[in-house]
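> Build the 3D model from these lines:
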Amino acid sequence: MEEKSATSLERMLRVLDLFDEDNLTRSAEEIASLLDVSLPTGYRYVKTLVESGLLQRAADSRYALGPRIVVLDYYIRRADPLLRVAIPYMVDLVERTGFDCVTSAWFGSQILDTHREMGKAPATLAYGRGRPRPLFSGGAPKVILASFPPAQLRRLFDAHRDEIARAGLPTEWPAFRKYYAAIRRAGHYVSRGELEPQLAAVAAPVPKADGGVWGALSVVIDMPRLEVVDVPRVVQLVKQAAGRIAEELAAG
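Reported below is the predicted structural model:
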């Protein structure tokens with residue numbers, strides 16, 4: 001009985017995975033079909049999730065993600081160890097450079113921006129907190145993936161060959177591994193128009209003692225201003241801030 005209950009609970013929670021940027025609302029019928037459960041079971045899942053606030057009714061007998069998720073996001077921000085330490089350093093970087101500062105991290109199989117401090121002239125970003133970023137374009141993903149051990153990086157390589165090719169990265173494993181090893185040795189990455197053509201970014205990892213990373217710290221710069229910015233100085237500032245954040249996190 002417990003095994004059946006666990007399976008039912010797992011399936012109900014999978015309802016939340018059915019919502020994405022292309023499917024902001026779902027009907028109960030769609031949910032039942034996609035989960036391969038009966039329509040009464042689909043309605044029961046929806047009813048339970050609506051009562052918990054994880055779903056809410058939308059127009060035309062459809063459902064959207066609910067307000068409870070907004071509350072949970074607030075708690076996630078408060079509990080995030082990287083943000084608890086990083087925000088003062090991000091504010092300082094904004095003051096010293098004038099540019100936006102962003103933290104990003106790896107969650108399961110996605111890279112997400114977790115916080116942004118605005119500069120004097122905030123950049124127009126297509127990506128923000130909660131919207132998964134492409135894995136192989138931009139400064140933050142580059143320094144995060146560069147921290148992966150070879151076996152983890154190889155699994156990612158095998159699972160995303162088409163996306164890697166579209167990003168213009170090496171499509172043979174030895175060259176792909178060498179590409180990220182060079183980023184790891186450098187300890188930073190400067191992207192120029194990779195994710196959004198009008199933007200550049202200077203990113204550095206926030207390292208853990210075990211060789212992994214807490215995430216990435218980035219300063220975002222408009223491409224036209226990159227020509228007059230002292231990029232090596234910005235790299236130095238970002239790496240120093242990332243190192244100090246790592247030291248505080250290690251100290252507990």
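> how about the helices in the stretch 101-250 of the chain?
For the stretch 101-250 of the chain, the helices defined by DSSP state H, counting those that start in this stretch cover 139-145, 150-159, 161-166, 173-186, 223-226, 231-251.
> what helices or strands is the first one leaning on?
What that stands for is helix 139-145. The elements that helix 139-145 packs onto, with contact taken as 3 or more C-beta pairs under 8 Å, 6 or more residues apart in numbering; DSSP states H and E, are strand 100-107, strand 110-117, helix 173-186, strand 189-192, strand 199-207, strand 213-222. From N, CA and C alone the C-beta is placed, and that goes for glycine too.
> Throw those into a markdown table and include mean pLDDT, distance to residue 242 and mean neighbour count, thanks.
Output for the helices and strands packed on helix 139-145, formatted as a markdown table (pLDDT from 0 to 100; distance: least, C-beta to C-beta, whole Å; neighbours: other C-beta atoms under 10 Å):
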| stretch | mean pLDDT | distance to residue 242 | mean neighbour count |
| --- | --- | --- | --- |
| strand 100-107 | 94 | 10 | 23 |
| strand 110-117 | 93 | 14 | 19 |
| helix 173-186 | 97 | 13 | 14 |
| strand 189-192 | 96 | 12 | 20 |
| strand 199-207 | 96 | 4 | 26 |
| strand 213-222 | 95 | 5 | 26 |
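> quick one, which of those is nearest to residue 20?
Closest to residue 20 of the helices and strands packed on helix 139-145, according to C-beta to C-beta: strand 110-117, at 11.3 Å.
> quick one: that closest one to strand 100-107, angle?
For strand 110-117 against strand 100-107, the angle by axes from the mean of the first three to the mean of the last three C-alpha atoms, to 10 degrees is 150 degrees.
> Not counting strand 110-117 itself, show me its contacts.
Strand 110-117 is contacted by residues 77, 80, 82-83, 86-87, 90-91, 93-94, 100-105, 125, 127-133, 135, 140-141, 144, 215 when judged by C-beta atoms under 8 Å, 6 or more residues apart in numbering.
> one step back: ranking the helices of the stretch 101-250 of the chain by mean neighbour count, which comes first?
A comparison of the helices of the stretch 101-250 of the chain by mean neighbour count, using mean count of other C-beta atoms under 10 Å, puts helix 139-145 on top with a mean of 26.
> got a list of contacts for that one?
The contact list for helix 139-145, computed with C-beta under 8 Å, 6+ apart, reads 102, 104-106, 111, 113, 133-136, 153, 156, 180, 183, 188-191, 194, 201-205, 213, 215-216, 218.
> can you give me how far that helix is from the chain middle?
In this view, helix 139-145 has its centroid 10 Å away from the chain centroid, taken as C-alpha atoms, centre = their mean, to the nearest Å.
> Now the helices of the stretch 101-250 of the chain in JSON lines, please, with extra columns for distance to residue 67.
Compiled in JSON lines, those are given as follows (distance: least, C-beta to C-beta, whole Å):
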{"stretch": "helix 139-145", "distance to residue 67": "29"}
{"stretch": "helix 150-159", "distance to residue 67": "34"}
{"stretch": "helix 161-166", "distance to residue 67": "33"}
{"stretch": "helix 173-186", "distance to residue 67": "40"}
{"stretch": "helix 223-226", "distance to residue 67": "38"}
{"stretch": "helix 231-251", "distance to residue 67": "32"}
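> Mean pLDDT lowest where, among those?
Within the helices of the stretch 101-250 of the chain, confidence is poorest for helix 223-226, with a mean of 86 (mean pLDDT).
> helices and strands around that helix, which ones?
Here helix 223-226 touches strand 199-207, going by 3+ C-beta pairs under 8 Å, 6+ apart.
> please redo it, this time with the cut-off set to 6 Å
Helices and strands in packing contact with helix 223-226 are not found; criterion 3 or more C-beta pairs under 6 Å, 6 or more residues apart in numbering; DSSP states H and E.
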